Every structure is written in C-alpha cells, then in structure tokens.
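# starting from these lines, generate the structure:
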Amino acid sequence: MLKIKPKVAIITPGSFPIPSSRSSSVETVVEMQTNVLQNDIQFTVFGKKTKDLPSVDKQGNISYVRIIYRHWTRYLSKVITKLSKLNPDIIQIENRPKYIPLIRHKFQNALIILSLHSTMFISKSHIEKEALISNLHQADKIIVNSHFLKDYLIKLTDCDANKVIVNYLGVDTTQFQSKWSLNQINNKEKFIKQMNLAGRKIILFVGRLRKIKGIHKILQAMPSIIQAVPDTLLVIAGSAFYGSGRRTIYVDKLFELAKNFPEHVRFVSFIPHEEIHHWFEAAEIVLVPSIGQEAFGLVNVEAMACGVPVIATKMGGMPEVIEHGRTGYLINSQNIEVELSNCVIQLLNNPKKVKLLGLNSVERVMEHFTWEKSSNRILQLYIQMVIDKK
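As a prediction, this is how the structure comes out:
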C-alpha cells in the first residue's frame, strides 16, 4: 500500500456516460482500470452528464463529475473550471489530443498523460498534422494499447519514443470465464437452450456495424461455409451506433446480403456489455475480419478469455494478441473471404482443435491481458512520474 496516494484526474471525451452499459470502449477501459486501482490512487473521472446519472457521484473510492456535452470546447471549459479546485498530480486525457493545449495552458506545472486508444483521433480528418505534433509535445507521456499504435504514432509525428508507453488492455476475468470449466458448461447449455441455438455451430461477430469492421466479408464467405457445414449459424451482435438500432446504408446492405441464407444468419442489435459473455460462451469461433488498422480490439481478449478461438485479419494490433495456429488464426486482408471460409470450415469440422485453441487462448489472456496486469502497469507509471517530478 502506498503511503501517499497520487491524485489523478481523468478526462473522458464526453461522448458517453461513465460508468454505464451505454459507454464505448474508451469509458470501459477507464472504468475497469480505475476500479482496480481505487485503493492506491485518488481518482476523479470527468464524463458526460445524462438524465439518469447525477452531476457529482462517488462509487467506491472513485469520484465522478459529469458535465452536459454540447460542444467539445464548452465541455472542456467546464471541466477546467472543476479541475482548478482539485489540484491533481496527474491529468489524463482520454483519446483526444486536441484537448492537450487548453489543459496545458491552464495547468502549466501539471503532469499530463494522453491515453490514446486508436488511430482515429490522430488522423487528418480530426486534427492537422502540425497541430498534432505540437499537442503531443505538450504531453509528458502518451499511453497506447499496442506496439502497432506506438510505431504508427512515431512514424506519423516523429515524437520521442521514450514518451510513448505501451500498455495492453485487459479483460474482466470474473465476467469472462472459460467455457471449458465445469462451472461454466451448465450456464452455456442453459443459454443455448434459452436462445433456441441448440444443434447449431455458432460463428460470432461482435462490434459496431461499420464497413471498416468487414462484416460484409463474413456474409460473402457464408455460402461456402454453409455448403461445407450446413448447421452453421452466423450471429452478428451489434449495431451501427452504440446502444441504438438506427440503420445505415451499410447495415441495410448487410441485411440484404443475409436474405440469401436467412436460416443461417441472426442479427442481435444490442447486447449490454454485462451480458455479452453468454454469446462468447455459446460460440465455436469469434470472427474479427477488420479491413482497417485496429489498434487492439477488446473483443479479441474477451472472446479468448471465454476459451473461444478468434479468426482475425493480420492487421494493426491483432498479431500482438492472437498467436496464429495456437490461439486462433490470422488471415490476409487481401484474401479475407477465401481464408476466413477455409479456417472456419477447418475448425467447425474439428471440435478437438477448437477446444485446444480455446484453452490456449485462456492461458494467453491470464498471462498478458487481465485488468489487474494492465492497471498495475499504469500504477507504476503514475508513481514513477510523481517521484521524478519531486
């Protein structure tokens, strides 16, 4: 136990409430890491105000301050006003490099961390390269969730490599447990019966229904999969927008493709995060056929923790999570339909291989990807930064 608890203020983007089942992965990461470290760190978390959550709240040892979000500058201005009374040791900004200059201007002596979750908010559509370089220069440390993201950032901005810290994300091992353990088998069978999935070999996609996620590639591979394994059922769990059933042109296209084999595709528009593990446990394989450079992908480790092999494209941070041939398969992004189809058919016809890859996946998660391990790495960074400043 630390004699002195560092005071850390975390500024979430303000797009989603925290804590909430309607949060995005950014807020989920903050929630999980702060929960683990709440006895060692004095946390104040800033986030979006919603009708069902109070403006000021304390859960455990974590203080939450919520502000109505209308525009990012107004949101940040109100955060800064509240922040001035806190005098934190460290200010951590989640996934918004453009927040850094305003924070640095007001808190010139503060230690500032940028926690970067993806390539999205460092892309030209969100921030000009010159502004990004300037903003990163004003941060003391930058936390990224993969070596891919670290290399990408350094190549893009030429920032100091020593400033960029890789910290892999984790999984809640109390929620996501191996489907092969005796205590989970009964739960799995009960859920399969309840959802009318008995007798089907389930392949699962979980995530936002966006073109970059490559869901159309799965549907294009389905005819050959169905021909080889007729009892296959593809479950597509997710929607275009967090917590909303609103459909886009792309989602309409997915439904149109699925009409060709209606008995083999099921869309489940929204599953609260606290229930998603049931679907992982019911699945034989989880598919992550991204056609974009995903930095990490929490879905990978959540599926693996449940003992489910993952087939993913060999892009972004995926090769850092999935061990090809040991915990799942990595496929070529230029040949997704053919390679995905071949891997799925091979596994669905070999239950022993599915179990072996699944057990290896659980082992890998426990070694590298738990929230305890992820949070302890953050804790060491906080302590070292505070010590170095003194």
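# could I get the average pLDDT for stretch 71-87?
The average pLDDT for stretch 71-87 rounds to 96.
# so how far is that stretch from its chain's centroid?
26 Å (CA atoms, centre = their mean, to the nearest Å).
# now it: buried residues?
75, 76, 78, 79, 80, 83, 86 (16 or more other CB atoms under 10 Å). For the C-beta atoms, the positions are set from N, CA and C on the backbone; glycine is no exception.
# ok, now how distant is the third one from residue 321?
Which is residue 78. 37 Å (CB to CB, to the nearest Å).
# which non-adjacent residue is nearest residue 207?
residue 238 (5.0 Å; CB to CB, 6 or more residues apart in numbering).
# per-residue pLDDT, the one you found?
Confidence for residue 238, expressed as pLDDT, is 87.
# again, but for residue 145
Note for residue 145: predicted pLDDT of 97.
# what is the neighbour count of the closest residue to it other than its chain neighbours?
Among residues not flanking residue 145 along the chain, residue 296 sits closest, at 4.2 Å (CB to CB, 6+ apart). For residue 296, the count of nearby residues is 24 (other CB atoms under 10 Å).
# same check on residue 158?
By other CB under 10 Å, the residues close to residue 158 number 10.
# ok, now the one 5 residues further on?
Per other CB under 10 Å, the neighbour tally for residue 163 reads 15.
# thought it was touching residue 143?
No - using CB atoms under 8 Å, residue 163 is not in contact with residue 143, being 10.1 Å away.
# ok, back up a step: could you check the pLDDT of the residue nearest to residue 145?
On the pLDDT scale, residue 296 gets 90.
# quick one, phi psi at it?
Main-chain dihedrals, residue 296, degrees, to the nearest 10: phi -150, psi -70.
# correct me if wrong: it contacts residue 317.
Yes - counting by CB under 8 Å, residue 317 is a contact partner of residue 296 at 4.6 Å.
# name the residues contacting each of the two.
145, 146, 149 (CB atoms under 8 Å, 6 or more residues apart in numbering).
# most neighbours among these, which one is it?
Tallying neighbours with other CB under 10 Å puts residue 149 at the head of the shared contacts of residue 296 and residue 317, with 26 neighbours.
# that residue and residue 178, how far apart?
Following CB to CB, the distance that separates residue 149 from residue 178 is 28 Å.
# my guess is residue 110 meets residue 103, correct?
Yes - between residue 110 and residue 103 there is a contact under CB under 8 Å: 7.5 Å.
# spit out the residues that contact the two alike.
residue 91.
# the two: which has the busier surroundings?
Neighbour count, other CB under 10 Å: between residue 110 and residue 103, residue 103 has more, with 23 against 18.
# can you give me the strands in this structure?
With strands called from DSSP state E, the chain shows them at 7-11, 42-48, 56-59, 62-67, 90-94, 111-116, 141-144, 164-166, 201-206, 232-237, 265-268, 285-288, 310-313, 328-331.
# for residue 355, which of those strands is the nearest?
Closest approach to residue 355 among those is made by strand 285-288 (11.9 Å; CB to CB).
# skipping adjacent residues, who's closest to residue 96 in space?
Residue 96's closest residue in space is residue 13 (CB to CB, 6+ apart), at 5.3 Å.
# my guess is that neighbour contacts residue 95, does it?
Yes - the criterion here is CB under 8 Å, and residue 13 meets it with residue 95 at 5.8 Å.
# what residues are up against the residue nearest to residue 97 when sequence neighbours are not counted?
Nearest residue to residue 97 in three dimensions, chain neighbours excluded: residue 135, at 4.7 Å (CB to CB, 6+ apart). Residues near residue 135 by CB under 8 Å, 6+ apart: 97, 98, 100, 101, 127.
# out of the residues you listed, list just those in helices.
100, 101 (DSSP state H).
# out of the contacts of residue 135, which are buried?
97, 98, 100, 127.
# nearest to residue 273 among those residues?
Closest to residue 273, out of all of these and judged by CB to CB, is residue 97, at 26.4 Å.
# and the closest one, how close does it get to residue 306?
34 Å.
# distance check, the spatially closest residue to residue 349 that is not a sequence neighbour against residue 346.
Among residues not flanking residue 349 along the chain, residue 229 sits closest, at 6.6 Å (CB to CB, 6+ apart). Separation of residue 229 from residue 346 (CB to CB) stands at 10 Å.
# neighbour count for the two, which is higher?
Ranked by neighbour count (other CB under 10 Å), residue 229 and residue 346 place residue 229 first, with 17 against 13.
# which parts of stretch 135-147 are buried?
Quick answer for stretch 135-147 (16+ other CB under 10 Å): 135, 136, 139, 140, 141, 142, 143, 144, 145, 146.
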